[in-house]
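J.: Here is the input, now give the coordinates:
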Amino acid sequence: MKNLLDERKTKFQALKDIRSRIIKGTMPVKKTYTPEMRIKDIADKGTFREFRFGFSTGDPLGFPDYKRKKEEIQKNTGVKEAVLSGTCCIDGHNAVIAVMDRRFLMGSMGIAVGEIITRTFEYADAHRQPCIIFTASGGARMQEGMFSLMQMAKTAAAAEKYKRNGGLYIVCLTNPTTGGVSASFASLGDITLAEPGALICFAGPRVIEQTIGQALPKGFQISEYLEEHGFVDRIVRRDEMRAVLSQLLKLHEVPKMKTSGKEYYRGRQ
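T.: Modelled structure (predicted):
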C-alpha cells in the first residue's frame, strides 16, 4: 500500500510540474487533433456533410452539475456532443463516417452518442455505404447511469444488423478506447485498425492487476500488443490513414447495377 501511495504522489507531482511549465510558457502545448481535423485529412475536399439529427443529451438522472458542465464544454469548444458523423468521399469512394471527440467529457457514451452511432449505422445500411468509425472514449457516461449502459446493447445491435445486411464496417481505435465503447461497437468491426500506442481496454491495467493479484505482460492493452495477438488487423499512422482507407474501400466496393430503369446496389448475401 505504501509503495502504491508513493507512486501516486510521484505521478501527481510530475503532472503538477508539467502544468506549471505550460502556464509559464516553457513547455509547448500539443494541439488537439479534433474530429474536424481528422475528417479534413481523410475526406476529399468539400465532400463531408454532417448529419443534423437535432437532439442532444438531456439530464435523465438530474446529476449534480452535469448540465452546467455540458453547457460550458459546448461554449468553449463549439462541440455539441462527443461524436461527429456524416457522409463523405475518400479518394472518390462514398462512405459514412463517425469520429468520437475526447474534448466532450472524454468522449463518453451517453444517450445522444449511442443514438448518433445507431443512426449512423442505419443510414449506412439504408444507402448501402461502408461505415467508418474512429473511436476515442473513456467509456459509458457515468452521469447518465443505466441509460448510458443501455447504449452498449443498442449500438452493438445496430452494428450487427448492418453487417448482416452486407455492410462493410471499418473501425479505427485511437487513444484511448476504453470501457463501454470498447465493449460494444468498437470491437465489432469487419476490419479493425488502430493508431500506434493507443490504449485499448475495458478496465485499466492497474484495476486488473489489483483484481487478479499479479503483474500484467509488458505493453498489455496497447495497440501493438493487441495487433500481435490478433485483436487488431493493422496499426496505421495518421499520415497513412487516408491511403489505407482508400485501398480498403476500393477492394470492398459494392458495384452499382441497373435494371428496369432502377439503380440498386448488389451487396453481400
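
J.: can you list the weak-confidence ranges in the stretch 51-200 of the chain?
T.: Low-confidence segments of the stretch 51-200 of the chain, defined by pLDDT under 70, are located at 57.

J.: Return the distance of the nearest residue to residue 93 once chain neighbours are set aside relative to residue 74.
T.: Setting aside the residues directly before and after it, residue 93 is nearest to residue 249 in space (CB to CB, 6 or more residues apart in numbering), at 3.9 Å. To be clear about C-beta, it is placed using only N, CA and C from the backbone, and glycine gets the same treatment. Distance of residue 249 to residue 74, given as CB to CB, to the nearest Å: 33 Å.

J.: neighbour count winner among the two?
T.: residue 249 (22 against 14; other CB atoms under 10 Å).

J.: Look up which helix or strand the more buried one falls in, please.
T.: Using DSSP states H and E, residue 249 sits in helix 238-251.

J.: what helices or strands is that helix leaning on?
T.: helix 35-42, strand 83-90, strand 93-100, strand 169-177, strand 191-194 (3 or more CB pairs under 8 Å, 6 or more residues apart in numbering; DSSP states H and E).

J.: Adding mean neighbour count and distance to residue 227, write those out as TSV.
T.: Supplementary listing: the helices and strands packed on helix 238-251 in TSV, determined by neighbours: other CB atoms under 10 Å; distance: least, CB to CB, whole Å:
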stretch	mean neighbour count	distance to residue 227
helix 35-42	17	21
strand 83-90	21	23
strand 93-100	23	21
strand 169-177	24	10
strand 191-194	22	7
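
J.: possible to save the ones you listed as JSON lines with distance to residue 243?
T.: As requested, those are arranged in JSON lines below (distance: least, CB to CB, whole Å):
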{"stretch": "helix 35-42", "distance to residue 243": "10"}
{"stretch": "strand 83-90", "distance to residue 243": "10"}
{"stretch": "strand 93-100", "distance to residue 243": "12"}
{"stretch": "strand 169-177", "distance to residue 243": "13"}
{"stretch": "strand 191-194", "distance to residue 243": "12"}
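
J.: The ones you listed: which one's closest to residue 55?
T.: Nearest of these to residue 55, taken as CB to CB: strand 83-90 at 12.7 Å.
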